[in-house]
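Enquirer: Based on what follows, work out the 3D shape:
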Amino acid sequence: MSEILEEYKSPKNHRANSFKNFFVYFIAISFVVMAGVYVGNALFGKRSLDVMLDLYNQKASLQSDVQKLQEANSALQKEYFELIGLDPDSYK
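Expert: Here you go, the predicted model:
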């Protein structure tokens, strides 16, 4: 009689063990998928590393353009004020 009871106990343990294994695998696979999505978004998304580096290069080029335009503006202002000072009609 105890042999029959032991046979009934072992399949239940097997089912519980298989459910536990399934749950562990499901959690592991979910974690891997979420980590993959996060890394993919970090590398290729709107706020990715590539976009950040492009913006950094664009910022550097814009700063150099601003510097050049400020120098050109100061030269043109100097020329403008010299022309105004030389123009006799400006004193009327």
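
Enquirer: How about the contacts made by Q58?
Expert: If you count contacts by C-beta atoms under 8 Å, 6 or more residues apart in numbering, Q58 has none. Quick note: C-beta positions are derived from backbone N, CA and C, even for glycine.

Enquirer: ok, now how distant is it from L69?
Expert: Distance, Q58 to L69, by C-beta to C-beta, to the nearest Å: 16 Å.

Enquirer: for L49, same thing?
Expert: For L49, the distance to L69 under the criterion C-beta to C-beta works out to 30 Å.

Enquirer: And for F23?
Expert: Distance, F23 to L69, by C-beta to C-beta: 64 Å.

Enquirer: Give the helix, strand or coil label for G36.
Expert: G36 falls in the helix class when you classify it by DSSP: H, G, I helix; E, B strand; the rest coil.

Enquirer: That one - how many residues pack around it?
Expert: 10 (other C-beta atoms under 10 Å).

Enquirer: Then S48?
Expert: Neighbour count for S48, taken as other C-beta under 10 Å: 14.

Enquirer: got the contact list for it?
Expert: Contact partners of S48, counting by C-beta under 8 Å, 6+ apart, are 41-42.

Enquirer: hmm, try it at 10 Å
Expert: Contact criterion C-beta atoms under 10 Å, 6 or more residues apart in numbering gives 40-42, 54 as the residues in contact with S48.

Enquirer: Pick out whichever of the residues you listed sits closest to A75.
Expert: The nearest member of the contacts of S48 to A75, counting by C-beta to C-beta, is D54 at 31.9 Å.

Enquirer: what about the helix or strand hosting the closest one, distance to the chain center?
Expert: Here D54 sits within helix 49-86, counting by DSSP states H and E. Relative to the chain's own centre, helix 49-86 is displaced by 29 Å; criterion: C-alpha atoms, centre = their mean, to the nearest Å.
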